[in-house]
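Q: fold the following, please.
(one chain, ligands or ions: 1)
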Amino acid sequence: MGIKGQLLVVSGPSGAGKGTICKALIEKNPIWISTSCTTRKPRAGEVEGVNYFFIEREEFLKRIDNDEFLEYAEVYGNFYGTPRSEVLRLLEEGKDVILEIDIQGALKIKSSYPEGVFIFIMPPSMEELRNRITNRGSETPESLKTRLEAAYDEISFASKYDYAVVNDEVDKAVKKIESIIIAEKCRVFKIKDELLGRF
Ligand code: 5GP
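A: Numbers count the residues shown, from 1 in each chain. Got it, this is the predicted structure:
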């Protein structure tokens, strides 16, 4: 069997810039991003099937029962989940796949799929994080407060990840992740069967 694709799991607090970084990564590299399902309502400009598959809570619960998610979590009162079959198929085909998911989901994947690469995106500072979330304009004062408080908690989980990337400039952060991907593909334990088969 050929080498499987690399599963990259990217998390970080709201406003750290995960979305922007992942978008830039997939534009420049042959990497597939998994589109999650959520029970959250779409924000202005979000597109069904691109940002998320927006589904009703009842439908989400049905899919949990049918074991259709690789992982799922409740975040800020809404469910989010990674569709299992698509991600596993892409990895089997040797494709690299990014999951941009919260910490609870990332830790679940880490226990079931430890060969994944776990990357935590850090904001340059809490002040910058506050500015970014405020400038997004989609948060109420309460939800801003919730997201900032959550950010403090979330940053304390960075130590559970394999890599931490500070997003002070998107281009630099993307380069760091590209380097991580290259390095991970040289890990002996990931390639030894393929390597030994050749000699
Ligand atoms: P937002 O509502 O801002 O789009 O996302 C809120 C949080 O849910 C973010 O931390 C995002 O990474 C996370 N998230 C998005 N999709 C998934 C998913 O499929 N599973 C999990 N566990 N978290 C997700």
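
Q: now the residue nearest the centre of the chain: how far from the ligand?
A: Nearest to the geometric centre of the chain sits E100, at 1.6 Å (Cα atoms, centre = their mean). Relative to the ligand, E100 is positioned 5 Å away (Cβ to the nearest ligand atom, to the nearest Å). From N, CA and C alone the C-beta is placed, and that goes for glycine too.

Q: same question for V165.
A: Distance from V165 to the ligand, by Cβ to the nearest ligand atom: 15 Å.

Q: for that residue, list the residues it contacts.
A: Listed by Cβ atoms under 8 Å, 6 or more residues apart in numbering, the contact set of V165 reads I21, I119, F120, I121, M122, A173, K176, I177, I180.

Q: and the furthest pair within the residues you listed?
A: By the measure Cβ to Cβ, M122 and I180 form the most distant pair in the contacts of V165, at 14.2 Å.

Q: near the residue in the chain positioned nearest to the ligand, how many other residues are there?
A: In the chain, the residue that lies nearest the ligand is G105 (2.4 Å; Cβ to the nearest ligand atom). Neighbour count of G105, defined by other Cβ atoms under 10 Å: 23.

Q: that one contacts E71, doesn't it?
A: Yes - contact criterion Cβ atoms under 8 Å: G105 and E71 qualify, at 4.4 Å.
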